[in-house]
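Q: Fold the following for me, if possible:
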Amino acid sequence: MLRQLRIALLFLPDSLLLGFLVVAGPFLLREEGAGAAMATAVGYVTLPFAVAFLWAPFVDRHPIGWLGRRAGWAGLSQLLAAGVLAAGALWLASVPDGAGGVPVLLVCLAAGVALATRNIALGAWMREGLHESEMATAVGARFAGASIGNWLGSGVLASQFPDYGWPGALAFAALALLVTWPAILALPGDRSAAAEASTDSLVAVAGAMFRRPGLVGAVAMLFVLSAVMAPPFGLGLVLLSDRGFTAEQIGWSAGYGGSILCAAAALACGGLASRFGLTAMIGAGVVLQIGLSLAWAGVALGPDAASWLIGGAVMVAQMGVYAMMSAMWMLATLRLVSLRHAASEIALVNAFLLLGGIVAPNVAGLAIDAYPGWARFFVVHAAVTALAGIAVMMVFSRVGLNRKPVESVAPGG
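A: Numbering: from 1, shown residues only. Got it, this is the predicted structure:
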């Protein structure tokens, strides 16, 4: 229980910042008159997580020993992110109102580089320091902590935004990073010699990784799945804004109700994946998403009087399903990567996942702007999700994602 609590605390602060930007951002931008494409472009603040593979081999090659093999990088990166956000808060305090868009993006991208480094270091620790029987539970604790951070960011922080603005939001995120930093100290198993430091380049790591049977197909399907599952989240917020939702209503549904369901879903998924298998859980998530896409179409067509209750309920369910699928993607990643290049391979797989999740909502927003019609879009999305789900399940059943994690594979073998 103590280990689960520590894991939850480790993944709380970065999701606080990202939850505020990704959940509240589209709604706030839409209120300011932005188009659907611009409103969903805020998701590009997660870009450093998608390109972390560029410096991940350096993390594998040069462990920092002052806290532990992986904890050293995680601790240093967390302190750097807190410093960048604190400095950004001071900078934005001097920026005139209404002119903070580009400075906010620059500060968050800079902090994102540090947080992405922290993320791959902690992911590598989970791969190296946890036993197979602990992985599903640890992944559940990870996303439960992320859900609490999302609640603080998209609920509490978003509701206080009119009073404190961007400087207050960034200062609060920096404080959360500092308060949770002690959880990194002496990560269980981090000082073990289970994994030897790698000296291989990114090209060698990628070559060895994608020579494994079935791995290319599995990663490709994870990319397809993330691209299909991502648009309803951001565009659902834009739709609710168009239907007259207020910031307070968004906070209660997405920030509070959605975050609670996300935490519950993440914790439950660990046990369910252990019992029914990872492939079955991913299939269940696809079926749930088809139903939710059709429900979004109903929100678009429904009467305004019922939109608050119905739209809020659909958003809460959407966040729960996305948390469930995110947990399954993380568990799949841990089972695909090797011990020797854990940080590098996690970063490479995450690049494909995040690329789909970042680009797809923006492309879908462009489609909405060009061909207006919310109900039609979500009906088409339900059909695309069904087709993608069939392809994903066929590939996953052949790869066998329910097996134990792969062993260490050297670049030459």
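
Q: where in the stretch 1-150 of the chain is pLDDT low?
A: 1-2, 23-43, 65, 96-102, 132-133 (pLDDT under 70).

Q: Could you measure from the nearest residue to Val95 once chain neighbours are set aside over to Gly88?
A: If the residues on either side of it in the chain are set aside, Val95 comes closest to Pro103, at 5.6 Å by CB to CB, 6 or more residues apart in numbering. The C-beta positions use only the backbone N, C-alpha and C, and glycine is treated the same way. Relative to Gly88, Pro103 is positioned 7 Å away (CB to CB, to the nearest Å).

Q: Neighbour count: the two, which is higher?
A: Remark: of Pro103 and Gly88, Gly88 carries more neighbours, 23 against 15, as counted by other CB atoms under 10 Å.

Q: Enumerate every residue touching that one.
A: Pro103, Val104, Val107, Cys108, Ala110, Ala111, Leu170 (CB atoms under 8 Å, 6 or more residues apart in numbering).

Q: Now the buried members of those.
A: Buried subset of the contacts of Gly88 (neighbour count, 16 or more other CB atoms under 10 Å): Val104, Val107, Cys108, Ala110, Ala111, Leu170.

Q: Which of the helices or strands spans the third one?
A: Under the criterion of DSSP states H and E, Cys108 resides in helix 101-129.

Q: For that helix, name the packing helices and strands.
A: With contacts defined as 3 or more CB pairs under 8 Å, 6 or more residues apart in numbering; DSSP states H and E, the packing partners of helix 101-129 are helix 12-19, helix 47-50, helix 56-61, helix 71-92, helix 132-150, helix 158-179, helix 304-336, helix 342-370.

Q: Quick check, central residue of this structure?
A: Ser326 (6.7 Å; CA atoms, centre = their mean).

Q: give me every residue that touches that one.
A: Phe143, Ala266.

Q: Please repeat the previous calculation with a cut-off of 10 Å.
A: 139, 142-143, 146-147, 226, 229, 262, 265-266, 269, 285, 353, 357 (CB atoms under 10 Å, 6 or more residues apart in numbering).

Q: what's the answer for Ala146, then?
A: Counted by CB under 10 Å, 6+ apart, Ala146 has contacts 8, 10-16, 18-19, 259, 262-263, 266, 323, 326-327.

Q: if we can go back for a sec, flag every buried residue along the helix holding Cys108.
A: Buried, per 16+ other CB under 10 Å, within helix 101-129: 104, 107-108, 110-129.

Q: Please apply the same query to stretch 263-277.
A: Result for stretch 263-277 [16+ other CB under 10 Å]: buried residues Ala263, Ala265, Ala266, Leu267, Cys269, Gly270, Leu272, Ala273, Ser274, Gly277.

Q: which one among those gets closest to Thr46?
A: Nearest to Thr46 among the buried residues of stretch 263-277 is Ala266, at 18.6 Å by CB to CB.

Q: got the contact list for the closest residue to the closest one other than its chain neighbours?
A: Leaving aside its sequence neighbours, Ala266 sits nearest to Phe143 (CB to CB, 6+ apart; 3.4 Å). Applying CB under 10 Å, 6+ apart to Phe143 gives the contacts 7-8, 11, 15, 150, 262-263, 265-267, 269-270, 323-324, 326-328, 330.

Q: What of Gly302?
A: Gly302 neighbours (CB under 10 Å, 6+ apart): Arg243, Ala295, Leu309, Ile310, Gly311, Ala375.

Q: any idea which of those has the most stuff around it?
A: Going by other CB under 10 Å, Gly311 tops the contacts of Gly302 with 26 neighbours.

Q: Could you tell me what pLDDT the model assigned to that one?
A: The model reports Gly311 with a pLDDT of 79.

Q: hang on, isn't it packed against Ala295?
A: Yes: using CB atoms under 10 Å, Gly311 makes contact with Ala295 at a distance of 9.4 Å.

Q: what touches both of those two?
A: With CB under 10 Å, 6+ apart, Gly311 and Ala295 have common neighbours Gly236, Gly302.
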